[in-house]
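Novice: Next comes the sequence, and after it the predicted model I'd like to discuss.
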Amino acid sequence: MCGGGEPLWGWGPRVPSPLLLLSLLSTAPLGLLGEETRQLLEFDNTNMFDAAAETPGKPYPPYSLAEFSWNNITGSLDPATLSATFQGRPVNDPTGAFANGSLAFKVQAFSRSGRPAQPPRLLHTSDTCQLEVALVGASPRGNHSLFGLEVVTVGQSPDCPSMQEQHSIDDEYAPAVFQLDQLLWGSLPSGFVQWRPVAFSQKQGSRESALPCQASPLHPILAYSLPQSPIVQAFFGSQNNFCSFNLTFGASTGPGYWDQHYLSWSMLLGVGSPPMDALSPLILGIMAVALGAPGLMLLGGGLVLLLHHKQCSEYQSIN
């Protein structure tokens, strides 16, 4: 990943260029430099009404991404946008769920600071990269299936990364989403992952197609239970601490994957400290008007009283 313990980039702990980031991310769809998406999860949410349940429904057998067949990314590698897309489907698909569907991972590096055009429009810098996951056209195994991802992280300390939630009144870039979740490696921190707890059930992400995204707590996982990733071993060595957590997308009510057979979610990965969102110009303008209007009214009222008092003091009695 773009961070983990002391980030290693093949020949030293230095920040890579965007082109190097892209070349590293383009080596494999699994083992993305320390953060590995292991399984695509699916749950039967038909009769689930308990929001506090440990799982969002009865789990179907997961799809192991190690058993997917992935496309040659040569056709999707775009040096102009510093992006590449891995697209895959299960090698063995007895139910035909992926006959017309695929799971795609789009990775993108950045040469400067800014925001993507599509929600959730996370603030990025030249030291970050974005991973977007899209499930398109696959047939669910239930009428109201919820999907999720199992993610494994790697670090060189005995503890799992810390997970934090940040809340803000500003929703200009991601309407109605007032939260930012992030994983931090180390106390400095030396690396991070950021995402907003929202996914989308349509390609053009909007408030109407927004799905809630829930993250489970991190817990340690034994290395021998993981498939051997040469990418992770090359960058982080063989002696590492592994932790895993699940992300699930959607709820029993509202929009869902079943509407358009589409699901997308994205996160930002980087080295060093994560970018910090300042209040947007729109929110600052609203606050200025909201706070300034009462002040102007008080000032105007004071002037009226002052002028009225002056006029009264200039009155001369005829007696």
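Specialist: Perfect, I can see it now.
Novice: wait, doesn't residue 254 sit right on residue 211?
Specialist: Yes: in this structure, residue 254 is within contact of residue 211 by CB atoms under 8 Å, at 7.4 Å. Backbone N, C-alpha and C define where each C-beta goes, glycine included.
Novice: The helix or strand of the chain with the lowest mean pLDDT: what's the following helix or strand?
Specialist: Across the helices and strands of the chain, mean confidence by mean pLDDT, DSSP states H and E is lowest for helix 18-25: a mean of 47. As assigned by DSSP states H and E, the chain's next helix or strand after helix 18-25 is strand 35-44.
Novice: immediately after that following strand, which helix or strand?
Specialist: strand 58-59.
Novice: so what strands line up beside that following strand?
Specialist: Paired neighbours of strand 58-59 in the sheet (DSSP bridges): strand 35-44 (antiparallel).
Novice: Point out where the stretch 1-150 of the chain drops to low pLDDT.
Specialist: 1-36, 47-54 (pLDDT under 70).
Novice: Secondary structure element holding residue 258?
Specialist: helix 257-260.
Novice: Can you get me a residue count around residue 80?
Specialist: Residues lying near residue 80 (other CB atoms under 10 Å) number 5.
Novice: Just the element for it, please.
Specialist: Going by DSSP H and E, residue 80 is not part of any helix or strand.
Novice: ok, now how distant is it from residue 109?
Specialist: Distance of residue 80 to residue 109, given as CB to CB, to the nearest Å: 12 Å.
Novice: which ones are touching residue 137?
Specialist: By CB atoms under 8 Å, 6 or more residues apart in numbering, residue 137 lies in contact with 98, 100-102, 261-262.
Novice: Buried subset of those residues, written for PyMOL?
Specialist: In PyMOL syntax, the buried subset of those is picked out as below (16 or more other CB atoms under 10 Å):
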select buried, resi 98+101+102+262
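Novice: Could I get the full set of strands for the stretch 201-319 of the chain?
Specialist: 210-215, 219-221, 241-249, 262-271 (DSSP state E, counting those that start in this stretch).
Novice: dump the residue contacts of the nearest residue in space to residue 192 that is not next to it in sequence.
Specialist: If the residues on either side of it in the chain are set aside, residue 192 comes closest to residue 274, at 4.2 Å by CB to CB, 6 or more residues apart in numbering. Taking CB under 8 Å, 6+ apart, we find residue 274 in contact with 182, 184, 189, 192, 194, 268.
Novice: what's around the closest residue to residue 112 other than its chain neighbours, how many residues?
Specialist: Spatial nearest neighbour of residue 112, chain neighbours left out: residue 126 (5.7 Å); criterion: CB to CB, 6+ apart. Other residues within reach of residue 126, judged by other CB under 10 Å, total 17.
Novice: going forward can the numbers begin at 28, since that is how I track them
Specialist: Taking 28 as the first residue, the last one we looked at is residue 153.
Novice: follow-up on the earlier one: are there residues contacting both of residue 107 and residue 136? Which ones?
Specialist: Joint contacts of residue 107 and residue 136 (CB under 8 Å, 6+ apart) do not exist.
Novice: Quick one: neighbours of residue 174, just the number.
Specialist: Neighbours of residue 174 using other CB under 10 Å come to 26.
Novice: if I look at it, how far off is residue 297?
Specialist: Taking CB to CB, one finds residue 174 at 26 Å from residue 297.
Novice: And stretch 102-116, what's buried?
Specialist: 109-116.
Novice: measure it end to end?
Specialist: 17 Å (CA to CA, to the nearest Å).
Novice: ok, now stretch 148-164?
Specialist: End residues of stretch 148-164 are separated by 24 Å (CA to CA).
Novice: now swap in stretch 166-178 and tell me
Specialist: 22 Å.
Novice: Show me which residues of that stretch are buried.
Specialist: 167, 171-178.
Novice: Show me which pair in the residues you listed is furthest apart.
Specialist: Distance extremes for the buried residues of stretch 166-178: the farthest pair is 171 and 178 at 23.6 Å, using CB to CB.
Novice: just the helices in this structure please.
Specialist: Counting by DSSP state H, the chain has helices at residues 45-52, 257-263, 284-287, 308-340.
Novice: which residues sit against the third one?
Specialist: With contacts defined as CB under 8 Å, 6+ apart, helix 284-287 is touched by 162, 167, 170-174, 228-229, 236, 276-277, 290.
Novice: so what's residue 226 up against?
Specialist: 237-240, 276-277, 290-292.
Novice: which one of those sits closest to residue 98?
Specialist: Distance to residue 98 across the contacts of residue 226 (CB to CB) is lowest for residue 291, with 17.9 Å.
Novice: May I have the beta-bridge partners of the closest one?
Specialist: For residue 291, the beta-bridge partners are residue 161, residue 227 (DSSP bridges).
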